[in-house]
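Asker: I need the structure of the sequence given here:
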Amino acid sequence: MSVDAKRDSADTLRYNISSQDKANMNVSSLSTQQKPFDFLRLLYEGAVAGAAAGVVVETVLYPIDTIKTRLQAVRGGGEIILKGLYSGLAGNLVGVLPASAIFVGVYEPAKQKLLKSLPENFSALAHLTAGAIGGAASSIVRVPTEVVKQRMQTGQFASAPDAVRIIVAKEGIRGLYAGYGSFLLRDLPFDAIQFCIYEQIRIGYRLAARRDLSDPENAMIGAFAGAITGAITTPLDVIKTRLMVQGSATQYKGIFHCVSTITREEGSSAFFKGMGPRVLWIGIGGSIFFGVLERTKLLLAQKRPLERGSNSLKPV
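Answerer: This next block holds a predicted model:
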């Protein structure tokens, strides 16, 4: 090899090393800069997608939820009223929108963080934990919303503002959080199990199909996850409903007193009241929720590169 050729080869090697160093510096700088941005993006996109999915589900399936609540609230052989099945919807949507936004907004970054921190074969634990964290965060809004909704569904109040005003006047702020413990007892396992089932089936389906899933496929998996979880958690839902709708009468002094009273006066079958409407409601709701959720997340993801390109044309 000539001296000139050796010099050219050395210059090329130095250039390649220099280029690689610069590339590594850019990648390192990019990952450092994107971490807070990625968290905020996941929070924002999750909140938007969750709000959209929650509002659509609540609006479409509210009558079934009303029937379920009335079946669970009535004692003995009481009559089920089928009028006013949309009673309390408007006020409920005011709470559902931020509650769903908070849930998914917290769930998505928590899920991603846990998936990165835990070994790959612990993905189910990541989904379970993220679902419980999201449920706990959103319970601050979800519980008052649920209390007002269920008391309106059972005919105690004519409007959400009246319900809030009278509950606070008679029971204090604590009245809006009636049954909070039973709500967490029901919803933390529900959220964790439902999202875990959905995510795990979706992972397996995608690996088997070797492609991204379509909207109908996401909806089908969501329906299955919702129906199974709804059936499993029906007894917890009955307890939660009884504690939330009792008002200032304090017929039940707490979760254990509620369980023992229902068992003694109505038998164990009372814990499965409303299972049919609940499974139907959550099954259909799961298909709509996860279908809308995944579609909204996809639309937001597709919009992302356009936003970056419009802000700056400089290569990173």
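
Asker: and stretch 275-292, average pLDDT?
Answerer: If you average the pLDDT over stretch 275-292, you get 91.

Asker: what comes up buried for it?
Answerer: Across stretch 275-292, burial judged by 16 or more other C-beta atoms under 10 Å covers 275, 277-292. No exception for glycine: its C-beta is placed from N, CA and C like everyone else's.

Asker: for that stretch, the distance to its chain's centre please.
Answerer: Offset of stretch 275-292 from its chain centre (C-alpha atoms, centre = their mean, to the nearest Å): 13 Å.

Asker: now do stretch 269-281
Answerer: Distance, centroid of stretch 269-281 to centroid of chain: 21 Å (C-alpha atoms, centre = their mean).

Asker: which residues touch residue 261?
Answerer: The contact partners of residue 261, taken as C-beta atoms under 8 Å, 6 or more residues apart in numbering, are 251-252.

Asker: So that it lines up with my notes, have the first residue be 582 from now on.
Answerer: With the count now opening at 582, the last piece we talked about shows up as residue 842.

Asker: Need the three-state assignment for it.
Answerer: Assigned with DSSP: H, G, I helix; E, B strand; the rest coil, residue 842 falls in the helix class.

Asker: how close does residue 742 get to residue 733?
Answerer: From residue 742 across to residue 733, the span is 11 Å (C-beta to C-beta, to the nearest Å).

Asker: Equivalent analysis for residue 761, please.
Answerer: Separation of residue 761 from residue 733 (C-beta to C-beta): 19 Å.

Asker: Which one's more surrounded, those two?
Answerer: A side-by-side neighbour count of residue 761 and residue 733, using other C-beta atoms under 10 Å, places residue 733 first with 23 against 19.

Asker: how about the more buried one, what does it touch?
Answerer: Per C-beta under 8 Å, 6+ apart, neighbours of residue 733: 668-669, 672-673, 739-741, 744.

Asker: Low-confidence ranges, the protein, go.
Answerer: The model of the chain has pLDDT under 70 over residues 582-618, 656-663, 829-830, 886-897.

Asker: Please enumerate the helices of it.
Answerer: All helices of the chain, identified by DSSP state H, fall at 584-654, 670-698, 704-734, 741-752, 761-790, 796-813, 815-826, 836-847, 856-892.

Asker: Of all those, which one comes closest to residue 664?
Answerer: Closest of the helices of the chain to residue 664 is helix 584-654, at 10.0 Å (criterion: C-beta to C-beta).

Asker: returning to what we had before: of the contacts of residue 733, select the buried ones using a ChimeraX command.
Answerer: The ChimeraX selection below is limited to those of the contacts of residue 733 classed as buried (16+ other C-beta under 10 Å):
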select :668,669,672,673,741,744
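
Asker: What is the most widely separated pair among the contacts of residue 733?
Answerer: The widest separation within the contacts of residue 733 (C-beta to C-beta) is 14.1 Å, between 673 and 739.

Asker: State the distance from residue 785 to residue 633.
Answerer: The value you get for residue 785 to residue 633, if C-beta to C-beta is used, is 26 Å.

Asker: got it, and residue 726?
Answerer: 17 Å.

Asker: Residue 621 too?
Answerer: Counting by C-beta to C-beta, the gap from residue 621 to residue 633 is 19 Å.

Asker: What of residue 769?
Answerer: As defined by C-beta to C-beta, residue 769 lies at a distance of 24 Å from residue 633.

Asker: Which one's more surrounded, the two?
Answerer: residue 633 (21 against 18).

Asker: dump the residue contacts of the nearest residue to the more buried one once chain neighbours are set aside.
Answerer: Nearest non-adjacent residue to residue 633, counting by C-beta to C-beta, 6 or more residues apart in numbering: residue 877, 4.9 Å away. Taking C-beta under 8 Å, 6+ apart as the criterion, residue 877 is in contact with 629-630, 633-634.

Asker: any idea how far residue 877 is from residue 684?
Answerer: Taking C-beta to C-beta as the measure, residue 877 falls 14 Å from residue 684.

Asker: likewise residue 809?
Answerer: 19 Å.

Asker: repeat for residue 675
Answerer: Residue 675 is 16 Å from residue 684, by C-beta to C-beta.
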